[in-house]
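**Student:** my questions concern the predicted model and sequence given below.
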Amino acid sequence: MSLQSDIANYQAEHAGVLHVTERFYRGLNFTEAIAYGASAAGPYGRTDPHQRRIGVKRLRRSAEVMVKRASEIRKARSFADLFTITEEVCLKIRGLGDLWSYDTALRIAFNRGSAFYPQAVFVQGGVLKGVRKIFTKKPLKGRTLPLEMFPKELQQLQPFELENFLCIWGKAR
């Protein structure tokens with residue numbers, strides 16, 4: 001299979017769930033988006049599978065902490081600002097992890113609008129496997145990679161979509 005066909009397969013089978021989540025968070029009020037985002041509540045009434053292992057109590061606690069920071073979150077001007085806040089919370093509540101931090105910032109960004117979407121591809125967990133399938137010889141440094149670094153076929157995706165694609169694609173084959 002080619003990269004283009006893998007992208008088409010991703011768009012047909014997986015991207016829809018991501019965009020349902022995007023629409024769900026866009027439809028919430030600001031405080032709900034923070035609370036739901038931190039507690040990993042999804043549009044189908046279940047905890048997002050990425051955060052299932054964290055546990056309900058810890059997710060509830062993260063939501064409480066994040067809601068208390070609502071005024072700071074409202075002042076954020078970019079995804080990077082949102083991510084900085086979630087990273088700080090992640091350091092205070094043991095067991096949340098890198099993926100919680102990214103996913104929570106992304107859910108809140110969905111609520112705030114496309115100007116808050118990530119401008120680079122965030123690399124953590126499963127995403128790293130997909131990145132390594134592309135960049136087999138390049139050492140990776142840092143938590144983000146610019147979209148322009150990826151093959152042209154992948155640049156048709158938004159950075160948050162590419163992050164999702166790489167996670168799924170990295171597990172395949």
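**Tutor:** That came through fine.
**Student:** how is this structure divided into domains?
**Tutor:** The record assigns the chain these domain ranges, following automatic domain parsing: 3-16+120-171, 26-115.
**Student:** average pLDDT for the shortest one?
**Tutor:** Along domain 3-16+120-171, the predicted local confidence has a mean pLDDT of 91.
**Student:** hang on, the earlier thing: make TSV out of the domains of the chain and add mean neighbour count.
**Tutor:** To be clear about C-beta, it is placed using only N, CA and C from the backbone, and glycine gets the same treatment. Below are the domains of the chain laid out as TSV (neighbours: other Cβ atoms under 10 Å):
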stretch	mean neighbour count
domain 3-16+120-171	16
domain 26-115	18
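**Student:** quick check: residue 118 touching residue 103?
**Tutor:** No - with contacts counted by Cβ atoms under 8 Å, residue 118 stays clear of residue 103, the gap being 11.4 Å.
**Student:** so how far is residue 152 from the spatially most central residue of the chain?
**Tutor:** Ranked by distance to the mean C-alpha position of the chain (Cα atoms, centre = their mean), the top residue is residue 103 at 3.6 Å. Residue 103 sits 27 Å away from residue 152, going by Cβ to Cβ, to the nearest Å.
**Student:** which parts of this protein are helices?
**Tutor:** Secondary structure of the chain (DSSP state H): helices located at 3-13, 15-26, 30-38, 56-68, 70-75, 79-92, 97-112, 125-134, 159-171.
**Student:** and for the second one, what are the contacting residues?
**Tutor:** Looking back up the chat, that one is helix 15-26. 33, 36-37, 42-43, 48, 107-108, 110-111, 113, 160-161, 164-165 (Cβ atoms under 8 Å, 6 or more residues apart in numbering).
**Student:** list the contacts for residue 165?
**Tutor:** Contact partners of residue 165, counting by Cβ under 8 Å, 6+ apart, are 7, 10, 14, 15, 130, 154, 157.
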